[in-house]
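Undergrad: below is the structure, and that's it, no one-letter string:
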């Protein structure tokens, strides 16, 4: 889960990086992540792309949407729009998709460039 969290988290560091406090892994609980008070539990049976989509959705709706320093920002940014892209599982891969046009923007973890 830590690897998937690191991959997804990079896309949320635009336009400016934000420091977060989180616990995940063997010293805490392998299928639970806690970030700034919000918690997400993911069962072990999910694939890595499914985990990326769930983590990205969690970060978008429960973490970055609630932080004082990112409140009101579209994170991650959807190029050319004021809204954020949606995390979706498409053909077995985790993607950011524009909710307006349906365009596949980038795989989760590759949006930052």
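TA: Perfect, thanks for sending it. Note that the structure is a prediction, hence the values are computed from the model and not measured. Numbering: from 1, shown residues only.

Undergrad: just checking, next helix/strand downstream of the lowest-mean-pLDDT helix or strand in the chain?
TA: Every helix and strand of the chain was ranked by mean pLDDT, DSSP states H and E. The lowest is strand 22-25, at a mean of 65. Downstream of strand 22-25, the first helix or strand assigned by DSSP states H and E is strand 29-35.

Undergrad: how far does that following strand sit from the chain's center?
TA: From the chain centre to the centre of strand 29-35 is a distance of 14 Å (Cα atoms, centre = their mean, to the nearest Å).

Undergrad: what residues of it count as buried?
TA: Residues 33, 35 are the ones in strand 29-35 that count as buried (16 or more other Cβ atoms under 10 Å). Using the backbone N, CA and C atoms, a C-beta is placed for each residue, glycine as well.

Undergrad: what pairs with that strand, parallel or antiparallel?
TA: The pairing partners recorded for strand 29-35 under DSSP bridges are strand 22-25 (antiparallel), strand 38-41 (antiparallel).

Undergrad: what mean pLDDT does it get?
TA: Computed over strand 29-35, the mean pLDDT rounds to 70.

Undergrad: do stretch 72-81 as well
TA: Mean pLDDT, computed over stretch 72-81, is 89.

Undergrad: name the residues that touch that stretch?
TA: In this structure, residues lying in contact with stretch 72-81 by Cβ atoms under 8 Å, 6 or more residues apart in numbering are 11-12, 14-15, 60, 64-65, 82-85, 96, 98-100, 105, 111-112.

Undergrad: ignoring the adjacent residues along the chain, who's closest to residue 89?
TA: Sequence neighbours aside, residue 53 is the residue nearest to residue 89 in space, at 5.0 Å (criterion: Cβ to Cβ, 6 or more residues apart in numbering).

Undergrad: and the one you found, what does it touch?
TA: Neighbouring residues of residue 53 by Cβ under 8 Å, 6+ apart: 87-89, 94, 108.
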